[in-house]
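Undergrad: generate a structure from the sequence data that follows.
(2 chains)
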2 protein chains.
Amino acid sequence: MNGAESLLRSLVASGVDMCFGNPGTSEMHFVAALDSVEGMRPILGLFEGVVTGAADGYGRMAGKPAATLLHLGPGLANGLANLHNARRASSPVVNIVGDHASTHARYEAPLTSDIKGFARPVSSWIHSSSSALTVGADAARAVQASMADGGQIATLILPADTAWSQADGVAAPLPVQAPALVSDGTIERIAALAQSGVRTAFLLRGQALQERGLRAAGKIAAKTGARLLCDTFAPRVARGAGREVVERLPYFAEQVVEFLAGTELIVLVGAQPPVSFFAYPDKPSWLTPEGCRIAVLSHPHEDGPGALEALVEALGAQHAIARINARTAVEFSPEGALDGESIMRSVAKHLPDNAIITEESSLAMAYSGLLETAAPHDLLALTGGAIGCLMPVSIGASVACPERKVVNLQGDGSAMYTLQSLWTQAREKLDVVTVIYANRGYKILANELKRVGARTDGAHAASMFDLQDPSLDWVALAQGMGVEAVRTESRADFDAAFAAAMKRRGPMLIEAVI
Amino acid sequence: MNGAESLLRSLVASGVDMCFGNPGTSEMHFVAALDSVEGMRPILGLFEGVVTGAADGYGRMAGKPAATLLHLGPGLANGLANLHNARRASSPVVNIVGDHASTHARYEAPLTSDIKGFARPVSSWIHSSSSALTVGADAARAVQASMADGGQIATLILPADTAWSQADGVAAPLPVQAPALVSDGTIERIAALAQSGVRTAFLLRGQALQERGLRAAGKIAAKTGARLLCDTFAPRVARGAGREVVERLPYFAEQVVEFLAGTELIVLVGAQPPVSFFAYPDKPSWLTPEGCRIAVLSHPHEDGPGALEALVEALGAQHAIARINARTAVEFSPEGALDGESIMRSVAKHLPDNAIITEESSLAMAYSGLLETAAPHDLLALTGGAIGCLMPVSIGASVACPERKVVNLQGDGSAMYTLQSLWTQAREKLDVVTVIYANRGYKILANELKRVGARTDGAHAASMFDLQDPSLDWVALAQGMGVEAVRTESRADFDAAFAAAMKRRGPMLIEAVI
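TA: Residues are numbered from 1 along each chain as shown, chains lettered A, B, ... in the order given. Here you go, the predicted model:
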């Protein structure tokens, strides 16, 4: 077998069976090998940000990496922003980046670039294979690296001749690092702190925000009176009716300050202390209240759910009754203008059980609390702040969980960065419903302009936030990529369109003009 | 004045009056300053690859840099592929990349990243301002750096507090490095070689491919019998009727070998020796014929046109009569299927004088020779091989040369990488006509699969090159972004649509289904 086959067979042997790709000439042997190797599903993206974003979404939902297949330095470069988000999400991702044949690199052909340089800011592991004989083993190492420390980006660079030369065979999978166990001493220390009568909040992230972690956290909160919190932009949160009550940190610094006022102890479970997303003149960046103590129950690479369960025992909270979100009928009135709140009321009303919500809209974020008492779902958010993320994350989430409805709540401005995602949704017939919050502008920036204390009355500045002149026609854009779409301008129309979309399968876009 | 104003005023003082931007919160003060500072024109792109590609096109045509305004590391990352192309085009570009305020960086907020790391592979000059007091001077240095060595990428990173803090004023422009003069000894040596009776080819690039350089090169060729050549992917070539005959190197290695067979001397004028774009098993990368001598008349940072003129004198070729492309009526038959050749015949037939052709389609490249006897024009090509380049380059070219028609000959696959370019063309009412070669696939890759000797019969591989299922509807995509569009499926329809587009002004897209 050649190196390309060795690569693919070794990836499959290590459990990687999904490849999101946008290949070029230097990856042709890998592409050809897709037909010789059983068990690897290739999905084409028409832009690399779609490819890496899809791998992020897949990693968040599958808990194991997909491979990406990218064309040299510029192909990787186009995928970097969503790899930044994936890194912040602790998503496992294995990038396969083709390179010029080793004999060709010296000639400085037009596509020659510093691929390792491009990879470095987002990758925890980078390796360039020097021979077809090591490609299989390098692939196994990349998969292992991607699963280490709670999920990382591993980038394997493969010169074209490592694909077409004779290889050694299939590499055996390498052991995956299990999350480190939290010591008994730490559990005892946190148990003592949590029972000391101080006003306590547990800030959860990672596995701690999935069902097992939440079950334990709910008992701890019930026993100690602590609040349970999650980050504004957590990679994945199990929430909705039947799940433990977890409060989401608000976005703006001054809101967080108010939200945390009076807290005397923050216990971190796989999370970092809350900080402001951006700095503003005369506003704080560090948002832990003055005098509040910070304690770490588990670091991101440690076993958060295990630590929470141990803490339940240490606290004797096994039988505590957690606060659970009750399912409540949402009020929805078709009267009034379509807006962020009425959209979310429709979503809450019609959301099927076990959906996946992908959220990249400040308006969706503002009203996401309305979903806490809706059908149980997972919420995936914009972990790294690099917009253009959740359109492709929706692809990966749907591929990982084909039986679950994916609802992408997406701003129009951010949707434009990776609108090519719609084509892949159409080709793969993914069950993704995209709601475009069409406010025809970067509305958050118009607001930020005021917040940073800058002049706000100028036409030039306004033109940089305004997506009118011309307005984007999302129905045309979606249909141009083969996705059925409808424009809605009233609450009743949106509600009808969204209800219908929840009852059918397959990709669909609803433009909500607000 | 604050740092943002100091920056903008210093850029304007240094001759930079165009800013392509996609700003975020950390750049808000710079955005606000656009309304306080006269003389800077901002143009919004809805994706950063549009922004950097537009700056490349502007640099190629204006001969001076535009500024980009990019949002932190991920914003820069989205623009890197087209900065790679701009670097290969020797385009001067000044990137302004916002960063978190210096007091905020330590908190590892979600958007924190290694901005210098992202910038390094494409930038010849990188600096992060440490204070508002130096921002103006740093801007002047960035402009100077962008104009050095024939055109470079300069990246200036500005923490948000350097924008909002009190600044020092406006920095004076710094002297721009003039192209280095080629020594008399080099001229004499090349003159002797060129008269030695060996079969000689001059390979021209950069300024040598604009009118002054071509005039001198034509006389040299006439006097010595040498061929004049240009790269397959030159940044900019003045060509068409009335211009000196310059042969374009073909794309594939074996074609270049045949094209150069018998050449005994290659004289480089701002160019590098020809190499294969990609490596293939059993095909050469180095394409200079065996035994052929390579001599350098001028390096890229040297004065190519001046060197050619000195060589004219040394050869006594002042009165030599150059071979000039005659204007010939192009044959066009409406019979037969619409294809690459018939499209180019229509283009050649209707092209107005002094148009700018931007080319990113292997089919357009294959028939570009038909334009050599059409109306005089500039040809801008895909210098770095990172696709998604010429859609935004067309924006920058049109902004730099608003009186000239821009005709973008664009493959459908490559157009998808930066299709957001159409929106900016609509907003700015640019006189850009985009011809989409809609062959519904990455046809070049299906061909490359054979060329690399890989298996070609598999369904998985075929699915990675195929843009059908669903087909892209370019009329819908263009209209979705406010650009008038028409689909043509016959030669007569295309010819009529293209003729009409040449007679009107403003953005237009013609989907040519082939």
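
Undergrad: what is the burial count for the residue nearest to A:A140 when sequence neighbours are not counted?
TA: Closest residue in space to A:A140, ignoring its immediate chain neighbours: A:A171 at 4.1 Å, by C-beta to C-beta, 6 or more residues apart in numbering or on different chains. For every residue, glycine as well, the C-beta is placed using N, CA and C. Applying other C-beta atoms under 10 Å in any protein chain shown, we find 23 other residues in the vicinity of A:A171.

Undergrad: what's near enough to touch A:A171?
TA: By C-beta atoms under 8 Å, 6 or more residues apart in numbering or on different chains, the contact list for A:A171 reads A:6, A:10, A:13-14, A:136-137, A:139-140.

Undergrad: helices - which of those residues land there?
TA: Among those, DSSP state H puts A:6, A:10, A:13, A:136-137, A:139-140 in helices.

Undergrad: out of these, who has the most neighbours?
TA: In terms of neighbours by other C-beta under 10 Å, the ones in helices among the contacts of A:A171 top out with A:A139 at 32 neighbours.

Undergrad: so that residue sits right up against A:T155, yeah?
TA: No: contact criterion C-beta atoms under 8 Å: A:A139 and A:T155 do not qualify, at 12.0 Å.

Undergrad: which residues touch the residue nearest the centre of chain A?
TA: Centroid check for chain A by C-alpha atoms, centre = their mean gives A:P235 as the closest residue, at 4.8 Å. Applying C-beta under 8 Å, 6+ apart to A:P235 gives the contacts A:60, A:88-91, A:205-206, A:380-381, A:383.

Undergrad: try it again at 6 Å.
TA: A:P235 is in contact with A:60, A:89, A:383, counting by C-beta atoms under 6 Å, 6 or more residues apart in numbering or on different chains.

Undergrad: do A:K64 as well
TA: Here A:K64 is in contact with A:G15 (criterion: C-beta under 6 Å, 6+ apart).

Undergrad: so which residues of the stretch 151-300 of chain A form helices?
TA: Per DSSP state H, counting those that start in this stretch, the stretch 151-300 of chain A carries helices over the ranges A:160-164, A:184-194, A:211-224, A:253-260.

Undergrad: quick one: find the helix or strand in chain A with the lowest mean pLDDT.
TA: Within chain A, no helix or strand scores below helix A:443-451, which has a mean of 84 by mean pLDDT, DSSP states H and E.

Undergrad: quick check: mean pLDDT of the helix or strand just after it?
TA: Per DSSP states H and E, the first helix or strand lying C-terminal to helix A:443-451 is helix A:459-463. Averaging pLDDT along helix A:459-463 yields 88.

Undergrad: before we move on, back to that, and the helices of the stretch 151-300 of chain A: which comes nearest chain B?
TA: Among these, the nearest to chain B by C-beta to the nearest C-beta is helix A:160-164 (5.4 Å).

Undergrad: elements contacting that closest one?
TA: Applying 3 or more C-beta pairs under 6 Å, 6 or more residues apart in numbering or on different chains; DSSP states H and E, we find helix A:160-164 packed against helix A:3-13, helix A:28-33.

Undergrad: winner for burial among those helices?
TA: helix A:28-33 (a mean of 28; mean count of other C-beta atoms under 10 Å in any protein chain shown).

Undergrad: say whether chain B is contacted by it.
TA: Yes: using C-beta under 6 Å from any C-beta of the partner chain, we find that helix A:28-33 touches chain B at A:28-29, A:31-32.

Undergrad: CA atoms of that helix as PDB?
TA: In PDB, the C-alpha atoms belonging to helix A:28-33 read as follows (Å, rounded to 0.1, in the frame of the first residue of the first chain):
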ATOM      1  CA  MET A  28      -4.800  13.800  -4.800                       C
ATOM      2  CA  HIS A  29      -3.400  10.500  -3.600                       C
ATOM      3  CA  PHE A  30      -5.300  10.800  -0.300                       C
ATOM      4  CA  VAL A  31      -8.400  11.500  -2.200                       C
ATOM      5  CA  ALA A  32      -7.900   8.500  -4.400                       C
ATOM      6  CA  ALA A  33      -7.300   6.400  -1.300                       C
END
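
Undergrad: ok, back up a step: just the closest of the contacts of A:P235 to chain B, please.
TA: Using C-beta to the nearest C-beta, A:T383 is the member of these that lies nearest chain B, at 6.4 Å.

Undergrad: please, which helix or strand holds that closest one?
TA: Counting by DSSP H and E, no helix or strand carries A:T383.

Undergrad: what's it sitting at in phi/psi?
TA: Torsion angles at A:T383 (phi, psi; degrees, to the nearest 10) stand at phi -60, psi -40.

Undergrad: shouldn't it be in contact with A:A86?
TA: No: with contact defined as C-beta atoms under 6 Å, A:T383 does not reach A:A86; the gap is 7.9 Å.

Undergrad: the two: which is more packed in?
TA: Neighbours were tallied for A:T383 and for A:A86 using other C-beta under 10 Å; the higher tally belongs to A:A86 (35 against 26).

Undergrad: leaving out the residues flanking it, which one is nearest to the more buried one?
TA: A:D56 (3.7 Å).

Undergrad: on that earlier part again, kindly reformat the helices and strands packed on helix A:160-164 as a markdown table containing mean pLDDT.
TA: Formatted as a markdown table, the helices and strands packed on helix A:160-164 follow (pLDDT from 0 to 100):
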| stretch | mean pLDDT |
| --- | --- |
| helix A:3-13 | 97 |
| helix A:28-33 | 92 |
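
Undergrad: show me the domain layout of chain A.
TA: Chain A breaks down into these domains under automatic domain parsing: A:3-164, A:184-315, A:340-513.

Undergrad: need these in a markdown table (columns: distance to B:E211).
TA: Formatted as a markdown table, the domains of chain A follow (distance: least, C-beta to C-beta, whole Å):
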| stretch | distance to B:E211 |
| --- | --- |
| domain A:3-164 | 25 |
| domain A:184-315 | 49 |
| domain A:340-513 | 36 |
